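*Asks:* Here's my sequence, what's the structure:
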Amino acid sequence: ALENRPYGGQLARVLVERDAIPDDQQRTPLTLVEVGGGTGHFARSFLDGLALRAPRTYNRGRWVIVDLAPALSRSQKEKTAPHRDKVRFVTGDAC
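*Replies:* Modelled structure (predicted):
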């Protein structure tokens, strides 16, 4: 099902193909929030996939990772470094 691709990248592909994340010509801002971002692998692969499949959507998008663990936030920052201008990190409880 994943065709040897990371889950995040495949999810980005499916969401774009199904217009769940529309390629907005009006450049409406888009914010995606991930609660409990783990090591950042998912965010990295999702953003890689979105940049590849829908560059206009990627360009208007922002990704926010909310996590309780400072150590995980550090890992997320390292993993998502290629998307540094797109990602914001919040250390705290999402509730």
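
*Asks:* switch to C-alpha atoms for all contacts and neighbour counts from now on
*Replies:* Fine.

*Asks:* Helix, strand, or coil at Pro22?
*Replies:* Put simply, Pro22 is coil when judged by DSSP: H, G, I helix; E, B strand; the rest coil.

*Asks:* which non-adjacent residue is nearest it?
*Replies:* Val16 (6.7 Å; CA to CA, 6 or more residues apart in numbering).

*Asks:* And what about that neighbour, helix, strand or coil?
*Replies:* Secondary structure, three-state DSSP: Val16 is helix.

*Asks:* what's the spacing between His83 and Leu15?
*Replies:* 19 Å (CA to CA, to the nearest Å).

*Asks:* and if you look at Pro6?
*Replies:* 14 Å.

*Asks:* Same question for Arg53.
*Replies:* For Arg53, the distance to Leu15 - CA to CA - is 10 Å.

*Asks:* which one of the two has more residues nearby?
*Replies:* A count of neighbours by other CA atoms under 10 Å puts Arg53 above the other of Arg53 and Leu15, at 17 against 14.

*Asks:* Surely the more buried one and Val16 touch.
*Replies:* Yes. Counting by CA atoms under 8 Å, Arg53 touches Val16, with 7.3 Å between them.

*Asks:* Which helix or strand lies directly C-terminal to whichever helix in the chain runs longest?
*Replies:* Longest helix in the chain, counting residues (DSSP state H): helix 41-53. Where DSSP states H and E defines the elements, the next helix or strand beyond helix 41-53 is helix 55-60.
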